[in-house]
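*Asks:* Fold the following, please.
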Amino acid sequence: PGAAPEIKMDPTKTGFLNTLAGPESGGQYDLKNGGSRFSGYGSFPEGKGPGGTSTASGKYQFISSTWHSEQDALGLKDFSPENQDKAAWHLADTTYRAKTHGDLETDLASGNNAMKIATALKDVWPSLPGGSQSSQSLGTFGNSLAANTAAAVHVEVTLKNANPGTTAKVTSSGPVTASAPRIEMPLPFGG
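*Replies:* You can find the predicted model right below:
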């Protein structure tokens, strides 16, 4: 097999993963299906937890077979929080690409794709809208996705040599935060 893909996390990916993990685990990396906790991240915590109905574990509730497939694909050594994030992103990205022929990161950045994303990933994460264990509406998922990924883009506007009172307008196709424009002007020094 080829080399494992390098996965670099950024605010868009992290925001998406936090949205995904909310209904799965409440964001807890050490949670087993059924509500018990495991200790140590050296390896996947095999077996069902007390009260659990599956081997689902971690922040994204990987089942054992899915985790081991992702672990092999990415060459992951343990079940650490960092590796759970990488595996969840890889699984979401490859599943999304296979189902939609689109790019998950591009569609997240462009906004307004909550239905497409939920539909493509609901069979892997059944807590997503339309999934067999969903308790959230598409609107709730979309709002959470927008809020969690909004911090991914920050625009800082600098106007050089502008007159005081000059304004700038920033437009975008997705959620963007922007600081107030800063005006930089050379100061007249001389004698």
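
*Asks:* Do a quick rundown of the strands in this protein.
*Replies:* 154-155, 158-160, 177-178, 182-184 (DSSP state E).

*Asks:* Name all residues that make contact with Lys32.
*Replies:* 38, 45, 48-49, 52, 56-57 (CB atoms under 8 Å, 6 or more residues apart in numbering). C-beta: built from backbone N, CA, C; applies to glycine.

*Asks:* now the lengthiest helix in the chain, how far from the centre of its chain.
*Replies:* Secondary structure assigned by DSSP state H gives helix 81-100 as the longest helix of the chain. Distance of helix 81-100 from its chain centroid, counting by CA atoms, centre = their mean, to the nearest Å, is 9 Å.

*Asks:* where along the chain do the helices fall?
*Replies:* 11-25, 64-74, 81-100, 104-110, 114-121, 138-150.

*Asks:* Just put the ones you listed in a markdown table and tack on mean neighbour count.
*Replies:* A markdown table is the format used below for the helices of the chain (neighbours: other CB atoms under 10 Å):
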| stretch | mean neighbour count |
| --- | --- |
| helix 11-25 | 20 |
| helix 64-74 | 16 |
| helix 81-100 | 19 |
| helix 104-110 | 17 |
| helix 114-121 | 19 |
| helix 138-150 | 17 |
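
*Asks:* Mind putting these into JSON lines with distance to Asn163 and mean pLDDT?
*Replies:* Compiled in JSON lines, those are given as follows (distance: least, CB to CB, whole Å; pLDDT from 0 to 100):
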{"stretch": "helix 11-25", "distance to Asn163": "34", "mean pLDDT": "94"}
{"stretch": "helix 64-74", "distance to Asn163": "54", "mean pLDDT": "97"}
{"stretch": "helix 81-100", "distance to Asn163": "46", "mean pLDDT": "97"}
{"stretch": "helix 104-110", "distance to Asn163": "34", "mean pLDDT": "92"}
{"stretch": "helix 114-121", "distance to Asn163": "43", "mean pLDDT": "96"}
{"stretch": "helix 138-150", "distance to Asn163": "32", "mean pLDDT": "90"}
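
*Asks:* Would you convert the ones you listed into JSON lines that also reports distance to Pro129?
*Replies:* Shown next, in JSON lines, are those (distance: least, CB to CB, whole Å):
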{"stretch": "helix 11-25", "distance to Pro129": "10"}
{"stretch": "helix 64-74", "distance to Pro129": "21"}
{"stretch": "helix 81-100", "distance to Pro129": "15"}
{"stretch": "helix 104-110", "distance to Pro129": "16"}
{"stretch": "helix 114-121", "distance to Pro129": "5"}
{"stretch": "helix 138-150", "distance to Pro129": "4"}
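
*Asks:* Was I right to think Gln28 contacts Gln61?
*Replies:* No: counting by CB atoms under 8 Å, Gln28 stays clear of Gln61, with 10.1 Å between them.

*Asks:* Please say which of those two ends up with more neighbours.
*Replies:* Between Gln28 and Gln61, Gln61 has the larger neighbour count (other CB atoms under 10 Å), namely 25 against 13.
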